[in-house]
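**Student:** Here's a sequence, model it:
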Amino acid sequence: MLCDVSFDLPDLDKEATRRNVEAVLEKYRMYKQIGYEVKETRLTSTYTVRSHGPTNRVTDQTGDIAADNVDIPEKMRTYCERVEKAAQRLPEKERQIITERYLKEDGVYDYQVYSFTFDPPLSEYSYYKLKWKAISKLAISLNVQVFVDTPS
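**Tutor:** All right, here's what the predicted structure looks like:
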């Protein structure tokens with residue numbers, strides 16, 4: 001017996017969802033372009049006045065810096081991998097829009113993508129329709145979607 005249960009995805013708030021996805025993609029681009037600068041320990045010790053007495057706190061500057069030098073680049077790498085995998089799951093044209101517009105370089109505008117990237121060029125309407133599909137799929141895949149509040 002087949003079940004008559006259907007699942008309807010709630011409507012997405014287009015503007016908020018787009019902003020969230022663009023923030024994720026901007027963070028991705030920054031991680032890829034800038035990377036992480038390795039921290040180094042100081043060779044000279046510093047003296048701090050403690051007029052209130054001992055804090056009974058032991059610090060390990062070298063250990064903290066070593067942990068940061070391993071953990072932060074690893075978090076950046078896994079973040080970038082997650083975004084890349086989500087983009088790779090998109091259909092070809094949608095993936096091409098996201099890659100050319102957001103993932104490659106700064107300063108690329110929508111009209112440049114739909115006019116010069118595709119052969120033959122896409123119309124502006126078709127481009128924005130495909131772009132929204134790509135953004136909504138990425139938002140759901142990356143769990144940054146914003147649903148429209150519907151009154152009950």
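**Student:** Can you tell me how far D64 is from D71?
**Tutor:** 10 Å (C-beta to C-beta, to the nearest Å). Yep, even glycine has a C-beta here, placed from its N, CA and C like the rest.
**Student:** Just the element for the most centrally placed residue in the chain, please.
**Tutor:** Centroid-nearest residue in the chain: V24, 2.5 Å away (criterion: C-alpha atoms, centre = their mean). In the assignment (DSSP states H and E), V24 maps to helix 14-34.
**Student:** Any stretches of this structure with poor pLDDT?
**Tutor:** Scanning the chain for pLDDT under 70 picks out the ranges 1-7, 36-39, 42-60, 68-70, 150-152.
**Student:** For it, just list every one of the helices.
**Tutor:** Counting by DSSP state H, the chain has these helices, from start to end: 14-34, 61-88, 92-98, 110-112, 124-142.
**Student:** Quick check: which helices or strands does the second one pack against?
**Tutor:** Here helix 61-88 is seen to pack against helix 14-34, helix 92-98, helix 124-142 when contacts are counted using 3 or more C-beta pairs under 8 Å, 6 or more residues apart in numbering; DSSP states H and E.
**Student:** Mind checking those helices for the one nearest to Y109?
**Tutor:** Among the helices and strands packed on helix 61-88, the nearest to Y109 by C-beta to C-beta is helix 124-142 (11.4 Å).
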